[in-house]
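1. Sequence and predicted model, in that order:
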Amino acid sequence: MSSAHDAGPGREVLTSDDISRALRRIAHEILEGNRGAQDLVLLGIPTRGAHLARRLGDALRQVEDVEVPVGSLDVTMYRDDLRHQPTRAVEPTHIPPPGVDGKVVVLVDDVLYSGRTVRSALDALADLGRPRAVRLAVLVDRGHRELPVRADYVGKNLPTSHSERVMVRLAESDDGDEGVRIAAPPAQEGTP
Amino acid sequence: MKHLLSIADLSAQEIRAVLDTAVSMHEVQRRDVKKLPTLRGRTIINFFFEDSTRTRSSFEIAGKWMSADTINLTGKGTAISKGESLRDTVLTIDAMGVDMIIVRHPASGAPRQIAEWVDCSVVNAGDGTHEHPSQALLDAYTLRAALGDLAGRHVAIVGDLTHSRVLRSNLLCLRALGAQITLVAPPTLMPSGIDSWSTADGFATSYDLDAVLPTVDAVMMLRVQRERMSGGYFPTAKEYAVTYGLTARRLALLPEHAVIAHPGPMNRGLEISAEAADAARSIVLDQVSAGVAVRMSILYHLLAGEGNDQ
Amino acid sequence: MSTQPALLIRGADVLGEGSRDVLVVDGTVVATGPDAATQAPGGTQQLHADGLVLLPGLVDLHTHLREPGREDAETVATGSQAAALGGFTAVLAMANTDPVTDNAEVAERVHDLGRRAGYVDVHPVGAVTKGLRGEELAELGLMARSRARVRVFSDDGRCVQDARLMRRALEYVKAFGGVISQHSQDPRLADGTACCHEGELSGRLGLPGWPSVAEEVVVARDVMLARHTGSRVHVAHVSTAGSVEVLRWAKAQGVAVTAEVTPHHLMLTQDLLSDYDPTFKVNPPLRPAEDVEVLREALADGTIDAVATDHAPHVRQDKEHAFVDAAFGMLGLETALAVVTSTMVTGGRMGWADVARVMSTAPARIAGLTSQGRGVQTGAPANLTLVDPTRVVTVDAARSRSLSRNNPWHGRELTGAVHLTMLRGRVTAREGLVWGEEEQ
């Protein structure tokens, strides 16, 4: 049953090519929604959201031949679940030079789930300035929202159960491995 | 991490994590809105049994920028004069349900004793002539910013080493980060047992500043108090400045890239000349600027995560 | 005092030199060996002491009973009880009370309080100088002539620093066979804040160092003064190898110098200070293992004459401070014999006769006590201690009879337990209970 792309546990739902196609489509949608690249700033949420933001920036350049400022926005300090997890490493925040005031900021993340990360990102963004608008782009929307949050641009909607795990792997951070997989809860792993 | 009592309690990896987070916190410091919601609802007591404007205010600002409630208490004369023991005093505060006590105390070891007695986190903000871990972390942060990775770098620490808590924390911190260290002072200002200590921990000592300076990547000058003269540690300020001060003449002995650090407060004209303190290669002001960011990072690592709950 | 019934102690190993019966009548040892049983009068009680070692009652040259002044930390009565439980039949109570024992009235008061308590003979130590201030001699002669018959004088807690004053004190007490017990600490080399043996550890901990040499220079000076004056000097709580060297030399020269070592300096080492626990803060400080080894050797070979507890009770609020602010001192009366057994007897460095020498005979001789330290012999007052030599006890601070809890031995396993203590034929302690309690 295994193929070369089928390493690791669970079921592969997006291949590397699927990811590239999804990002190209999102790039088109962003340009359409914004009527061009005017005032756009892409901010990825580390770690993988930051990689996706960079790729989205590349896709925008290919589509429209424009240079959209790309940065990263770490939301660790704004999370509401810090006390329920071991201390997290803080990732870099990099806001491209023109800043966010009056801009259309597209937040980029890999998976949209409870919506809490996005809520943290909105808080973090508010401390950095006052964008004209904030949009949300995600590679995967797996449902189960706990806050009134909706993505503007979605690579793929993936119906999941709460207990399943969605694993996004990107070449930049995962030793060249790439793809999105869904796996059964860890407790059942390893059972025959 | 529950407490920060000594640099010896941290692994090299933990030290690096604190320094890395401090980089992000330093970014925050440059923003218009400096407040982070991270420690909302947490209460931090700055309990200072000894004056310290700089350390206390930077811990206080760090706490406030992270949305903790910070309260300053001065312990001067409260304990012994009322017949109350130090244990009674801190238990009273702990019983109010605070999350952290940041302690400055003139007696070595007091924060460690307090950590034994209370349930909350304890941060050593300088204890007697023992340690000053947050200062060492900000010194390492500043040196790293100036020199890059400190592994294999040579740092000379010069001055009143006997009475310096900054020295003890810096020794541990810089060694953990892989730096080579040479301590320079007259024999009277070397800490007790320095021969076996330096052998055990792998650092060098010297009485000759001129011989050491040409080989360093950084020189850290420590404050020398004029009162030490009456203790017979050295004869006169002039003699000290000539033999162990970072004078204008000695600046020329430093390699091109080497930087000058001083954890302050400086005694200009004694351990450091105005030329050295104000030189382009002086990172003294960077040290001050890093103080809040590093302390925010310390608060984050001690208070934010799971298991740091009471 | 009502007459005690005669008592025949059967089968005890006397000084570890073999089993002998011992007959005690009217507070006196009247017979030992085979005669003891045959001479026992009708109605003699028997005490079966097989497996126990019989020693002369222990004498402590160095105890702080805190009364008058700090009765919250210890009283003559509670300290006496602790002493009896530790196998002691006499203690010398140091002069640093409030008021200071620098006159006959205070000396007699302490003496009388000891009498009234009745567990051990309490002999007050007189201050060498008024108010322990090191400036003028206290009323040494009046204390000597008092009901308390003071023979040992010490400013313990402070050193008699002034060489001329020390010389005069040594000379003066010759008139009544007194001795000066010196707390050897040059206050310029080790001031009041000094609290950790000076060396790598004090350097790392940032604690004020207490260098060995601060003790050694005073010991050296004092033996030269003793030689010059022809007087007796006693060195309290010797703690360093260098002091032992000086003592060895001085004794070889025939100088009239004696010395004591504390149980804690025989067992505990400086590394206990690593966590800044004030329980281990003591003056002189705990030393490195090398010094401890030399002290044990010196005790075994007689260079150090005696073991003395320096029992120093403190209430919690005086100990629970930052290390440098906390009071100096630790408890010692109840555990002294077990520490000596564990460090010196177990392992074979000393026999029980040696224990009797260093904990009874020699201290009694140094203090000029005629009714103590006489050994287990016919005609001697029945001041006796029965020891279970192999029993292992885990020390529990909460069970101490002292009012204070600054017990550095808490949680330690020590070998050797006092089974019974007898003061002039009267049982003052037996198996953890003191006289009065066991009758109930």
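-> Thanks, I have it.

2. which SSE is B:A293 in?
-> Counting by DSSP states H and E, the element that carries B:A293 is helix B:284-303.

3. mind listing what's buried in that helix?
-> B:284, B:286-287, B:289-303 (16 or more other CB atoms under 10 Å in any protein chain shown). Where C-beta positions appear, they are placed from N, C-alpha and C, glycine not excepted.

4. surely C:S239 meets C:P288?
-> No. Counting by CB atoms under 8 Å, C:P288 is not a contact partner of C:S239; they are 10.5 Å apart.

5. Settle it for me: which of these two has more neighbours?
-> C:S239 (28 against 17; other CB atoms under 10 Å in any protein chain shown).

6. Let's verify the more buried one: helix, strand, or coil?
-> Three-state assignment for C:S239 (DSSP: H, G, I helix; E, B strand; the rest coil): coil.

7. Could you do C:E245 as well?
-> Three-state call for C:E245 (three-state DSSP): helix.

8. Could you do C:V427 as well?
-> strand.

9. Tell me the residues of chain A that contact chain B?
-> Applying CB under 8 Å from any CB of the partner chain, one finds that chain A approaches chain B through A:74, A:77-78, A:82-93, A:123, A:126-129.

10. residue boundaries of the strands in the stretch 151-300 of chain B?
-> Listed in chain order, the strands of the stretch 151-300 of chain B (DSSP state E, counting those that start in this stretch) span B:154-158, B:180-184, B:204-206, B:218-221, B:259-261.

11. Tell me which of the ones you listed lies nearest to chain A.
-> With respect to chain A, and counting by CB to the nearest CB, the nearest of the strands of the stretch 151-300 of chain B is strand B:259-261 at 24.1 Å.

12. same for chain A: which of the buried residues of helix B:284-303 are within range?
-> Okay, of those touching chain A (CB under 8 Å from any CB), that's B:S297, B:Y300, B:H301.

13. of all the residues you listed, which comes closest to chain A?
-> Distances from chain A to those, taken by CB to the nearest CB, are shortest for B:H301, at 5.7 Å.

14. secondary structure class for the residue in chain A that chain C sits nearest to?
-> Going by CB to the nearest CB, chain C is nearest to A:T87 of chain A, at 25.8 Å. What three-state DSSP gives for A:T87 is coil.

15. What's the separation between it and A:S16?
-> Applying CB to CB, to the nearest Å, the value for A:T87 to A:S16 is 33 Å.

16. More neighbours: which of these two?
-> Legend: neighbour count by other CB under 10 Å for A:T87 and A:S16, higher for A:T87 (20 against 16).

17. Chain neighbours aside, what residue packs nearest to that one?
-> Nearest non-adjacent residue to A:T87, counting by CB to CB, 6 or more residues apart in numbering or on different chains: B:G305, 3.1 Å away.

18. and the one you found, how many neighbours?
-> 17.

19. How is chain B partitioned into domains?
-> Domain assignment for chain B by automatic domain parsing gives B:7-131+B:291-303, B:133-288.

20. Switch those domains over to TSV; also include mean pLDDT and distance to C:A175.
-> Shown next, in TSV, are the domains of chain B (pLDDT from 0 to 100; distance: least, CB to CB, whole Å):
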stretch	mean pLDDT	distance to C:A175
domain B:7-131+B:291-303	92	43
domain B:133-288	96	41
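
21. so which of these gets nearest C:D121?
-> Set against C:D121 and scored by CB to CB, the domains of chain B come closest in domain B:7-131+B:291-303, at 34.8 Å.

22. any idea how far that closest one is from the chain center?
-> 13 Å (CA atoms, centre = their mean, to the nearest Å).

23. And chain C, is that domain touching that?
-> Yes. Applying CB under 8 Å from any CB, one finds domain B:7-131+B:291-303 in contact with chain C at B:79-80, B:83-88, B:105-110, B:112-113, B:116, B:127-131.

24. Show me which of these are buried.
-> Judged by 16+ other CB under 10 Å, buried ones among those: B:79, B:84-88, B:105-110, B:112-113, B:127-131.

25. Those in strands, which ones?
-> Counting by DSSP state E, these place B:H105, B:D127 in strands.

26. mind listing which of the buried ones among the residues of domain B:7-131+B:291-303 next to chain C are in helices?
-> Applying DSSP state H to these, the entries found in helices are B:L86, B:R87, B:D88, B:A110, B:R112, B:Q113.

27. so which residue of the stretch 151-300 of chain B comes closest to chain C?
-> For the stretch 151-300 of chain B, CB to the nearest CB, closest residue to chain C: B:G193, 2.9 Å.

28. Contact partners for the residue nearest to that residue when sequence neighbours are not counted?
-> In space, and not counting its chain neighbours, B:G193 is closest to C:E200: 2.9 Å by CB to CB, 6+ apart. Residues in contact with C:E200 (CB atoms under 8 Å, 6 or more residues apart in numbering or on different chains) are B:S192, B:G193, B:I194, B:S196, B:W197, B:A200.

29. same thing with B:G269?
-> B:A237, B:A241, B:G245.

30. Please enumerate the helices of the stretch 51-200 of chain C.
-> C:76-85, C:104-117, C:140-145, C:163-172, C:200-205 (DSSP state H, counting those that start in this stretch).

31. could I get the ones you listed as a markdown table with mean pLDDT?
-> Below are the helices of the stretch 51-200 of chain C laid out as a markdown table (pLDDT from 0 to 100):
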| stretch | mean pLDDT |
| --- | --- |
| helix C:76-85 | 98 |
| helix C:104-117 | 98 |
| helix C:140-145 | 98 |
| helix C:163-172 | 98 |
| helix C:200-205 | 98 |
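
32. Most tightly packed of these?
-> Of all the helices of the stretch 51-200 of chain C, helix C:76-85 has the most neighbours on average by mean count of other CB atoms under 10 Å in any protein chain shown, namely a mean of 29.

33. between that one and helix C:104-117, how big is the angle?
-> 60 degrees (axes from the mean of the first three to the mean of the last three CA atoms, to 10 degrees).

34. picking up where we left off before, most neighbours out of the contacts of B:G269, which is it?
-> Going by other CB under 10 Å, B:G245 tops the contacts of B:G269 with 26 neighbours.

35. Thought B:E275 was touching that one, still the case?
-> No. Look at B:G245 against B:E275 with CB under 8 Å: they stay out of range, at 10.9 Å.

36. how many neighbours does B:A200 have?
-> Neighbours around B:A200, by other CB under 10 Å: 11.

37. which residues sit in contact with it?
-> C:E200.

38. Mind doing that once more with 10 Å?
-> B:G193, C:E200, C:R204 (CB atoms under 10 Å, 6 or more residues apart in numbering or on different chains).

39. For the second one, give its distance to chain A.
-> C:E200 sits 34 Å away from chain A, taking CB to the nearest CB, to the nearest Å as the criterion.
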